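J.: 3D model of this:
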Amino acid sequence: MNQPRSSTVDEQLYPLKYGNQVVDVEELARELLALPKTDANDRTQMFLQRWKFPNTYTLGKHMSEQLVARYQAKFQLPIAIVRPSLVSAIAGEPYPGYVGNWAGPIGAGAAMAIGMFDCLESVASQPLGTWDVVPADLVGSVIIATSAAVSSGVGAAISGSTGSGSVVGTAVDAAVVLGQPHPFSSRLRHATHQQQQSTEVSLLVSPTPAAATIRPMGVHIPDVQAAIRVVPAADQHLASTKCPNNTCKSPTCQGVSDISHKAMSTKSDDTAMLSGRHGSASDLTAMADNNSGNSSDSGSSGNGSPNMRAVAAAAAAADIKLTQQLLATVVKVHACEDVQSADELLMSDDMTNELSDDQAGRLPLLIVHAATSSTYPITLMEGWNLNLDFFYAHPPAFRIAIGTIPKMPATFTPNDGNVMACRRRIGWKVWAIVSILRLMGHEKQAKKLQLGFDTFCVHNNSKTDRDLTFSTQALIALEAALDPSEAAGCLLVWRPMINRSCGPKGSKERSTAAAPGGVLDHSCGALGPVAGDVTWRRYLHTQMAGIYSVMFGTEVEQHKVMAKAAAQVGTEQLVEGCVVHDFKRIK
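T.: Model (predicted):
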């Protein structure tokens, strides 16, 4: 909810930042909990302003989500995050139109019905902004299917193919969000190992400068293009160099001399040559010539020792694994690290891979959006006008405003000043009615009305008008992964459901045949109680019938003219302003 207006929110984690520096939300939460209440409230107001959250509710959810992601990564928990948008009435199973509370769009519809929106000027949102309403039964199905996907291992595949659960930003950002070591910490540790390795080799080589020449070593040992000259003293030195406290149980410390003996078992008793991965016989021979020409012990002036050339040729043909073993041995002995093999230091040849080695093969986090804005969006203007069609056909039993509400045009422009003026005017009316109800002993009705007004004030706010589109790539992948026998009874993706092959209510002629475009029709079983086409018009009218049932205790009957229009669903174009709903009052 803190993303820029009219942007797309992916099924990923969005870090909180001070400038470009990612915030550790666990430290932030501990700080706020430790502060006095007034101080915590002051800092929270600063965070709301800085990070563009409309209220503390959305900020708290954002922080909680990142804490879940952190502990999922730390303990490799098989969990996922489901993000529902504006949860609204049930569309199908078990009772179409059922509303269980006054939150979100349900509260807004109730406020509209009783007259809290008494004019267009009372509306704070843009008419063409996306209104991401999602049926409650769809949310329930998404939670169940996501849980099954995670437990079966399918969730990891969905996460890997869609990027779901990843952290937006760099590897450094991800490390802070997930509470992991800085990506460069392992790089620096490896560089330190290699520096120690280079220092150790320098101590082991001949003091002759030419013989001890070692080119600068990069982060990755395989890229070293140098020849390392080790004198016989290396065997004794490596064998005697163990951990200072003699408590290391590493096989390296216990048997380092065995490896070094193998590495130095050549024909020459004077010198052993080991080449890097990209070293060649010519490189080694050249070094041997250089050494021979500059060494005071050499008997020649430029041709090189035949013995050295033989060693160079043998080293060039040696197994590279032997070199890796020796290099890893030097690192392990002097850093006392629990490194199993040189392959751990040589895991990747790509410096752009900024993730640490221990991230490979870890269980990823799956994030799924239970939303409609990217599959079947509806605007605020459409929802407003569809609700008005219902009110015209079925006038509310009680209203605190006089007159009819006008339709909303696409050219309407909200104004915060007008919204506040309307809110004050309606607030006085609500206060008066609530006071009268309490004097008459109707405390329950008074609380409902007051709660409705409070909800109206929270949601009818320009701060919450973000016009966001929520990506559903992981959701659609989850739908595709369902077994066909289960998919028919699981509503996961909200789409216009036209020309369904389900048959009339109560009919057993339910099919999982492919809809136009080859997409499996998942709606037949999932919307069992609902026959025929299902669009936003029909769904919102069903929801409003459910709101009427809770508020006024009555079941909305279809007028004769509306019933005639309802019979034309799926065969002819609906008449202007028709009302079709599927609500049946729960006894």
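J.: so after the top helix by length along the chain, what's the next helix or strand?
T.: Counting by DSSP state H, the longest helix found in the chain is helix 416-439. Tracing the chain C-terminally past helix 416-439 and defining elements by DSSP states H and E, one meets helix 443-459 next.
J.: which residues are contacting that following helix?
T.: Contacts to helix 443-459, defined as Cβ atoms under 8 Å, 6 or more residues apart in numbering, come from residues 55, 102-104, 107-108, 110-111, 114, 116-117, 423, 426-427, 430, 433-434, 437-438, 464. Just so you know, the C-beta spots here come from the backbone N, C-alpha and C atoms, and that holds for glycine as well.
J.: what are the pairing partners of the helix or strand just after it, and which direction each?
T.: Beyond helix 443-459 on the C-terminal side, the first helix or strand identified by DSSP H and E is strand 469-470. Sheet pairing of strand 469-470 (DSSP bridges) gives strand 8-9 (parallel).
J.: so after the partner strand, what's the next helix or strand?
T.: With DSSP H and E, the next secondary element past strand 8-9 is strand 17-18.
J.: Adjacent strands (with direction) for that next one?
T.: strand 21-22 (antiparallel).
J.: what comes up buried for stretch 58-78?
T.: 58-59, 62-63, 65-66, 68-70, 72-73 (16 or more other Cβ atoms under 10 Å).
J.: cool, and stretch 422-430?
T.: 422-423, 426, 429-430.
J.: Format these as a markdown table; extra columns: distance to residue 37 and pLDDT.
T.: Below are the buried residues of stretch 422-430 laid out as a markdown table (distance: Cβ to Cβ, whole Å; pLDDT from 0 to 100):
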| residue | distance to residue 37 | pLDDT |
| --- | --- | --- |
| 422 | 33 | 93 |
| 423 | 28 | 92 |
| 426 | 31 | 92 |
| 429 | 34 | 91 |
| 430 | 29 | 92 |
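J.: Now render those residues as TSV, adding distance to residue 399.
T.: Output for the buried residues of stretch 422-430, formatted as TSV (distance: Cβ to Cβ, whole Å):
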residue	distance to residue 399
422	15
423	17
426	12
429	11
430	12
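J.: tell me which of those is nearest to residue 164?
T.: The nearest member of these to residue 164, counting by Cβ to Cβ, is residue 423 at 39.5 Å.
J.: which residues touch the closest one?
T.: 122, 457, 460.
J.: most neighbours, which of these?
T.: Ranked by the number of neighbours (other Cβ atoms under 10 Å), the contacts of residue 423 place residue 122 first, at 24 neighbours.
J.: how about the nearest residue to that residue, chain neighbours excluded?
T.: In this structure, residue 122 finds its nearest non-sequential neighbour in residue 422, 3.7 Å apart by Cβ to Cβ, 6 or more residues apart in numbering.
J.: Sketch out the low-pLDDT regions of the stretch 51-200 of the chain for me.
T.: Within the stretch 51-200 of the chain, the segments meeting pLDDT under 70 span 186-200.
J.: The same query, at a cut-off of 80, please.
T.: Scanning the stretch 51-200 of the chain for pLDDT under 80 picks out 183-200.
J.: Where do the strands of it begin and end?
T.: Counting by DSSP state E, counting those that start in this stretch, one finds strands in the stretch 51-200 of the chain at the ranges 80-84, 86-88, 133-135.
J.: just those: most buried one?
T.: Compared across the strands of the stretch 51-200 of the chain, strand 133-135 shows the largest average neighbour count, a mean of 24 (mean count of other Cβ atoms under 10 Å).
J.: ok, that one: who's next to it in the sheet?
T.: Assessed with DSSP bridges, strand 133-135 is paired to strand 86-88 (parallel).
J.: picking that back up, where helices are concerned, which of the buried residues of stretch 58-78 count?
T.: Those of the buried residues of stretch 58-78 lying in helices (DSSP H): 58-59, 62-63, 65-66, 68-70, 72-73.
J.: Which of these sits closest to residue 379?
T.: For these, the nearest to residue 379 is residue 58 (21.7 Å; Cβ to Cβ).
J.: In ChimeraX, select just the buried ones from the contacts of helix 443-459.
T.: Restricted to buried positions by 16+ other Cβ under 10 Å, the ChimeraX selection for these reads:
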select :102,104,107,108,110,111,114,116,117,423,426,430,433,434,437
